[in-house]
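J.: Below are the sequence and a predicted model for it; my questions follow.
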Amino acid sequence: MAKLFGTDGPRGIAVTDLTCELAMQTGRAVAVVLANNTGKRTKVIIGKDTRLSSDPLEAAVMAGICSVGADPVLLGVVPVPVVPFMIKKMGADAGIMISGSHNSAEFNGIKVFDSQGHKLTDDIEEKIEYLVLEDPQQIPLASHDRVGRREDAKNAADEYIDHVREIVDTDLSGMKIAVDCANGCASETAEKLYALMGAEVFVTSSSPDGTNINQGCGTNDIEAFAEVVAENGCDCGLVFDGDADRCLAVAEDGQLIDGDRLLAIFADDMKKNGCLKEDTAVITIMSNMGLRSYAAERGINLVTAGAGHRYVLERMLEGGYNLGGEPSGHMIFLDDSPTGDGQLTGAKLLKIMKESGSKLSELAADMVKLPQVMVNVRIDPQFKELWKNDKEVSELIKELDSSLGEEGRIIVRESGTEPLIRIMAEGSDFGRINDIAFQISDKLKEKFRIKKPS
């Protein structure tokens, strides 16, 4: 069967690849597969990001939902965690976030949540894919007098802000922070949230025009923002991606604090306070080896999931754990939210800083990272998956990985959200791992005539 879902829902170039017709059929299938089957009308929450293409895709998804007799609730532009929050608050049956996340403006995507605010399981995704791609005629359309009715939840963003403030009950008075909103969804909420918590807030990249989301800003491009943090004497900088489910931080000295270091800070703080369930955090295969050493020294167990925060969440639910995260900045605090929440992550970090009286650079100093080199190789769709079965490529990866021994590793995988092969080499010798990463990159380009790394 054809594949619709990647690691985070349907993705593609908006309107041409991810068409309005496909969005409408996805809306229909989501409403049918996730229907409550109780006799009550099915309700589906819809949020969107700031891309120009989000408006027509929102309209298409809404049309699909209405056409099968379900009721869509429109939130407008909101951070992605607002969707699962409103699902639970309104007792809805499903939720959809129209967003291309950290990708550039030409891309868009459809993230789907179940009635608990969780990403979908594989079997549910397969049911939706079958209806959309294989047999859309199976979807029963409503009669003219049973079509769905649109509802607008105009105060969703403010309700979410109040929710985060209730979770992170602390006074940030006296703190000066910078916030990079990536010209995305955080532009609607971040400044207000942290100002209400008492902080002095310096905001950048908070003027979305529909085409500038993630453009030279946000979690994709932190260099200029790091200078802003240091030059303005800020205690901390918080950096979000386009839909604000990721958060990275910048210390007062301009140093980037990535997701691994953030997870280390949260795990240590939660363990000290007796609220880290099973003394365990869930990480991914991409997490730095330095995080493992840090955790072992502090009696923190680490459970490894596949790359992608949906897999982190699955392992958390399976094991009953309440903290998980990725180097990219997706943090899941399962006691508070069923999905990654960048602004909640930022608020929790600021609380730790305020209550400990420590600078962020001091909190992050104990986790010593091994050097990592990341190379992205853009691929043409016809070459997807082929490299995995190529003998020359696989033998080269195996040989180079073996040469690093226990002091390093190599991970080569396809991105679940972009047309890229991601090469990660990690070890104590930067020059060596840099050479390894580009040897693999060159071999992939040689074999498949793939474009230069982006």
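T.: Here it is on my side, so go on.
J.: what residues are up against residue 276?
T.: When contacts are counted by C-beta atoms under 8 Å, 6 or more residues apart in numbering, residue 276 touches 267, 270, 300, 322, 323. Just so you know, the C-beta spots here come from the backbone N, C-alpha and C atoms, and that holds for glycine as well.
J.: which among those residues gets closest to residue 367?
T.: residue 267 (10.1 Å; C-beta to C-beta).
J.: count of neighbours near the closest one?
T.: For residue 267, the count of nearby residues is 25 (other C-beta atoms under 10 Å).
J.: what about it, which SS state?
T.: In three-state terms, and counting by DSSP: H, G, I helix; E, B strand; the rest coil, residue 267 is helix.
J.: nearest residue to it other than its sequence neighbours?
T.: Spatial nearest neighbour of residue 267, chain neighbours left out: residue 281 (4.5 Å); criterion: C-beta to C-beta, 6 or more residues apart in numbering.
J.: beta partners of that neighbour?
T.: With DSSP bridges as the criterion, residue 281 is bridged to residue 302.
J.: can you offset everything so residue one is 381?
T.: That works, and once the first residue is 381, the last one we named lands at residue 661.
J.: isn't it right up against residue 678?
T.: No. The pair residue 661 / residue 678 is not scored as a contact, 10.8 Å apart, by C-beta atoms under 8 Å.
J.: Neighbour count: those two, which is higher?
T.: Remark: of residue 661 and residue 678, residue 661 carries more neighbours, 29 against 14, as counted by other C-beta under 10 Å.
J.: so residue 426 is in which element?
T.: In the assignment (DSSP states H and E), residue 426 maps to strand 423-428.
J.: Adjacent strands (with direction) for that strand?
T.: strand 451-457 (parallel), strand 474-478 (parallel).
J.: Point out the most buried one among those strands.
T.: strand 474-478 (a mean of 29; mean count of other C-beta atoms under 10 Å).
J.: average pLDDT across that one?
T.: Mean pLDDT, strand 474-478: 98.
J.: and if you look at stretch 433-444?
T.: Across stretch 433-444, the average pLDDT comes to 98.
J.: Just the residues contacting it, thanks.
T.: Under C-beta under 8 Å, 6+ apart, the answer for stretch 433-444 is 394-395, 398, 400-401, 403-411, 426, 428, 452, 454, 457, 476, 478-479, 485, 488, 490, 530.
J.: buried stuff in that stretch?
T.: 433, 434, 436, 437, 438, 440, 441, 442, 443, 444 (16 or more other C-beta atoms under 10 Å).
J.: Over to stretch 628-648?
T.: For stretch 628-648, the neighbour count (16+ other C-beta under 10 Å) marks 628-632, 634-648 as buried.
J.: quick one on the thing from earlier: residues touching the residue nearest to residue 647, list them.
T.: Going by C-beta under 8 Å, 6+ apart, residue 661 touches 643, 646, 647, 675, 680, 681, 682, 683, 701, 703, 704, 705.
J.: what about it, distance to residue 557?
T.: Here residue 661 is placed at a distance of 25 Å from residue 557 (C-beta to C-beta, to the nearest Å).
J.: And residue 444, by the same measure?
T.: For residue 444 relative to residue 557 (C-beta to C-beta), the value is 41 Å.
J.: Over to residue 495?
T.: 35 Å.
J.: go on, residue 643?
T.: Residue 643 is 20 Å from residue 557, by C-beta to C-beta.
J.: and residue 581, how many residues sit next to it?
T.: 21.
J.: domain assignment for the chain?
T.: Listed domain ranges for the chain are 391-534, 538-744, 752-828 (source: automatic domain parsing).
J.: Adding distance to residue 384 as columns, could you present the ones you listed in a markdown table?
T.: Below are the domains of the chain laid out as a markdown table (distance: least, C-beta to C-beta, whole Å):
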| stretch | distance to residue 384 |
| --- | --- |
| domain 391-534 | 4 |
| domain 538-744 | 15 |
| domain 752-828 | 13 |
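J.: which stretch among those comes nearest residue 385?
T.: domain 391-534 (4.5 Å).
J.: In contact with residue 410, which residues?
T.: Neighbouring residues of residue 410 by C-beta under 8 Å, 6+ apart: 424, 444, 445, 474, 476, 492, 508.
J.: Leaving out the residues flanking it, which one is nearest to the second one?
T.: Which is residue 444. residue 407 (2.8 Å).
J.: ok, the one you found - how many residues close by?
T.: Other residues close to residue 407 by other C-beta under 10 Å number 32.
J.: which residues of this protein score low on pLDDT?
T.: Scanning the chain for pLDDT under 70 picks out 381-382, 386-388, 761-766, 796-798, 829-834.
J.: Name the residue most distant from the centre of it?
T.: Most distant residue from the mean C-alpha position of the chain: residue 525, 39.1 Å away (C-alpha atoms, centre = their mean).
J.: Quickly note the distance from that residue to residue 449.
T.: Applying C-beta to C-beta to residue 525 and residue 449 gives a distance of 10 Å.
J.: swap in residue 501?
T.: 25 Å.
J.: who has more neighbours, these two?
T.: More crowded of residue 501 and residue 449, by other C-beta under 10 Å: residue 449, with 20 against 12.
J.: From what I see, the more buried one and residue 524 are in contact.
T.: No. Using C-beta under 8 Å, residue 449 makes no contact with residue 524, being 10.7 Å away.
J.: And for residue 826, the neighbour number?
T.: Neighbourhood size, residue 826 [other C-beta under 10 Å]: 11.
J.: Tabulate the contacts of residue 661 (a markdown table), appending distance to residue 569.
T.: Listed next are the contacts of residue 661 as a markdown table, based on distance: C-beta to C-beta, whole Å:
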| residue | distance to residue 569 |
| --- | --- |
| 643 | 23 |
| 646 | 21 |
| 647 | 26 |
| 675 | 32 |
| 680 | 31 |
| 681 | 34 |
| 682 | 32 |
| 683 | 31 |
| 701 | 28 |
| 703 | 23 |
| 704 | 23 |
| 705 | 21 |
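J.: What does the closest residue in space to residue 621 that isn't next to it in sequence show for phi and psi?
T.: Spatially, and ignoring its direct neighbours in sequence, residue 621 is nearest to residue 482 (4.0 Å; C-beta to C-beta, 6+ apart). Phi and psi for residue 482, reported as degrees, to the nearest 10, are phi -90, psi 0.
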